[in-house]
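**Student:** Need a 3D model of the following:
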Amino acid sequence: MRPRQSSWKWLLAVLLALIAVGLASLLLRHARTTSDLRGRVVASLSEWTGGTVTLAEPLLIRYFPPSIEGGLTVTGAAKLPAVESIAAPSFRLTLSLPELLLGSIKFNALRLDKPALTLKSDASTGSADAVFARLTAFLADAPLQTVRIRGGKAGPPQGAPLLSAVDVRLNTSGQSGAVETHGSFNFNGESVTFSFDRGKFVGNDEKRSAPVAIKVTSAPLTARFSGTLHVADALEGEGNLEAKLPDIRRFLRWTGVVLPEGDSLKDASASGRVHWAGATLTFDDGTFDFDGNQAVGLLAITAGPRPRLDGTLAFEHLTLDPYLPDLEPDASRKHLFDWVLLKHLDADLRVSAAELTAQGLKLGQGGFTINAKNGKISNEIGALELCGGEAEGRLDLDLSAPRSEASLSGTLANVALTNCLRSLGLDVPVKGSGTLNADISTGGTTREELIRGLAGTIKVSAADGSLPVDLAALLAKPDAEASGWSQKTGTDYSALDAACSLSAGHLWCQSFDLVTDKGAITGAGGLDIAQQTLDWNFRMADPDAPADPPESVSKSQPRITMNGTLSVPLIARAIHPAPRTGASTQETQINGAPRVDSP
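**Tutor:** Numbering: from 1, shown residues only. Now for the predicted structure:
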């Protein structure tokens with residue numbers, strides 16, 4: 001090595017050493033003492049959080065680069081909403097070297113290891129949107145460039161933590177600048193990863209706005225949002241949202257709203273332009289998929305202990321099967337109507353569909369409205385295509401008390417009887433086009449009580465059809481009888497009219513009039529709804545008999561009895577009806593002749 005080069009290197013080394021000594025002297029002069037630096041850091045953190053900051057011993061202070069390490073607690077942080085205290089056994093705070101040389105304190109980065117955030121009670125924090133708005137403003141004014149949290153947890157003072165395994169990194173330029181946040185945590189047993197990117201705020205102190213992009217990924221929910229965030233007294237925003245929920249029941253249970261188990265609300269997704277204000281998120285013109293059904297329209301979702309839905313939805317095809325119960329009695333079901341989703345939600349919905357189906361019954365196009373509040377549900381149906389005809393009416397359910405109450409009033413007009421009866425599980429091959437008017441109600445706590453509690457009136461009229469009974473064969477022989485409905489030969493009719501009433505689980509038809517090419521047939525009888533059994537008597541009127549025949553003539557007219565099960569009744573001809581054991585005292589006048597009906 002040449003002497004000249006060697007001397008230059010030594011001079012450079014000495015110069016650097018002198019600069020380092022000078023910087024150290026300057027740092028020590030401005031920092032004064034360790035306790036003074038500690039006090040200035042505590043004061044700056046206290047001003048940011050609005051609380052009391054304590055740095056626990058032992059503290060490790062470095063000047064190259066300047067940093068402080070130790071333990072940290074924060075209490076009474078007025079600017080940090082919903083947080084009662086923060087306790088971190090280990091933290092590292094990095095300071096800005098240029099600022100420190102100038103005698104001021106500025107933070108570069110804060111790292112908290114295994115911090116515990118104790119949350120305030122709901123009563124003391126205000127609404128969730130207000131809390132989030134204050135938190136957003138707090139982060140916007142952060143005097144830090146980077147905040148790192150590793151292995152943290154957050155929860156109430158007592159009980160299990162609400163969030164655990166919190167791992168978050170926040171980068172901010174501070175003073176209402178942009179913020180980039182990403183990380184992960186565990187919430188109610190599910191792992192969640194997220195990212196939150198916010199641009200620079202613009203506006204005044206009353207309302208500030210910034211562009212945001214949010215992504216959340218978890219097993220119950222995957223969502224993306226991009227739009228604008230508004231921070232004022234409450235949190236507001238608008239933008240585009242895409243969300244997927246494999247199981248809505250699981251998502252609601254995860255967020256604290258418990259619905260009963262069921263096969264509906266699966267494979268759900270929602271997308272479209274949204275805006276939100278407070279706890280309400282509104283799709284102005286969204287697309288929704290669930291249970292294989294797809295709808296478009298407006299939908300507002302209000303979060304809370306009892307969620308609320310408001311909107312207008314239009315379906316091309318709507319399958320109602322996932323929302324209807326199994327018709328078979330279920331002894332394991334403790335609460336009869338737990339399957340009714342609107343028992344657990346509030347709603348004001350208007351629904352229309354080009355085609356509806358329910359348990360094999362094709363309903364065609366139609367619309368209905370749903371209103372539900374605190375377990376009281378009303379459903380109005382307007383112009384619903386059913387069995388080739390049209391249905392309209394109103395169904396009310398009161399599920400707010402242990403005893404459920406239900407009422408139905410409506411009309412089915414010009415329906416095809418065969419298809420409708422089969423769809424309802426009644427294998428009675430009656431043909432014709434009919435109209436039904438019903439006004440019925442019931443109440444109870446079990447399926448059996450609801451059946452026994454049925455009460456009301458039903459009127460039926462039909463035309464141009466046939467009954468699955470060969471009346472000609474029955475009238476040809478005095479001792480003729482048939483077992484079951486006739487699948488080949490029936491009795492055609494031009495008009496059928498029946499007036500019936502419901503009571504104690506029985507359908508009683510006080511009058512039944514049938515016009516056939518053989519003559520007029522009148523009758524009366526009943527149906528045990530629970531047992532599905534019949535007890536009917538019919539009479540073929542004599543066209544040559546006087547309008548009010550004497551009793552001897554009336555008794556000689558042929559009579560037809562129908563007894564047994566609804567699916568396979570015993571149908572027979574009897575000239576002189578014999579009183580049956582256990583007959584009631586109820587008298588039914590059939591074509592001028594008295595008879596005693598058996599219940």
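**Student:** show me where the stretch 351-500 of the chain has strands.
**Tutor:** According to DSSP state E, counting those that start in this stretch, the stretch 351-500 of the chain carries its strands in the segments 361-373, 376-386, 389-398, 404-416, 431-444, 455-467, 481-483, 491-503.
**Student:** where among those strands is the average confidence lowest?
**Tutor:** Across those, strand 481-483 has the smallest mean pLDDT, namely a mean of 74.
**Student:** Off-centre distance for it?
**Tutor:** Centroid displacement of strand 481-483 relative to its chain, using Cα atoms, centre = their mean, to the nearest Å, is 52 Å.
**Student:** right, and residue 303 touches residue 256 too?
**Tutor:** No - using Cβ atoms under 8 Å, residue 303 makes no contact with residue 256, being 9.9 Å away. Yep, even glycine has a C-beta here, placed from its N, CA and C like the rest.
**Student:** before we move on, back to that, redo the strands of the stretch 351-500 of the chain as JSON lines? Include distance to residue 151 and mean neighbour count.
**Tutor:** Rendered in JSON lines, the data for these read as follows (distance: least, Cβ to Cβ, whole Å; neighbours: other Cβ atoms under 10 Å):
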{"stretch": "strand 361-373", "distance to residue 151": "44", "mean neighbour count": "17"}
{"stretch": "strand 376-386", "distance to residue 151": "47", "mean neighbour count": "18"}
{"stretch": "strand 389-398", "distance to residue 151": "50", "mean neighbour count": "18"}
{"stretch": "strand 404-416", "distance to residue 151": "50", "mean neighbour count": "18"}
{"stretch": "strand 431-444", "distance to residue 151": "55", "mean neighbour count": "18"}
{"stretch": "strand 455-467", "distance to residue 151": "65", "mean neighbour count": "17"}
{"stretch": "strand 481-483", "distance to residue 151": "78", "mean neighbour count": "14"}
{"stretch": "strand 491-503", "distance to residue 151": "66", "mean neighbour count": "18"}
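**Student:** now these in CSV, with distance to residue 573?
**Tutor:** Formatted as CSV, the entries for the strands of the stretch 351-500 of the chain read as follows, by distance: least, Cβ to Cβ, whole Å:
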stretch, distance to residue 573
strand 361-373, 36
strand 376-386, 36
strand 389-398, 34
strand 404-416, 30
strand 431-444, 23
strand 455-467, 15
strand 481-483, 7
strand 491-503, 14
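**Student:** who wins for proximity to residue 200 among the ones you listed?
**Tutor:** Taking Cβ to Cβ, strand 361-373 is the member of the strands of the stretch 351-500 of the chain nearest to residue 200, at 43.3 Å.
**Student:** Report the angle between that closest one and strand 376-386.
**Tutor:** Taking axes from the mean of the first three to the mean of the last three Cα atoms, to 10 degrees, one finds that strand 361-373 is oriented at 160 degrees with respect to strand 376-386.
**Student:** Check which helices and strands strand 361-373 sits against.
**Tutor:** With contacts defined as 3 or more Cβ pairs under 8 Å, 6 or more residues apart in numbering; DSSP states H and E, the secondary structure elements packing on strand 361-373 are strand 346-358, strand 376-386.
**Student:** other SSEs contacting the longest one?
**Tutor:** In terms of contact count using 3+ Cβ pairs under 8 Å, 6+ apart, strand 346-358 is assigned the packing partners strand 308-315, strand 318-319, strand 361-373.
**Student:** can I get those strands in TSV with distance to residue 222?
**Tutor:** TSV is the format used below for those (distance: least, Cβ to Cβ, whole Å):
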stretch	distance to residue 222
strand 308-315	21
strand 318-319	25
strand 361-373	28
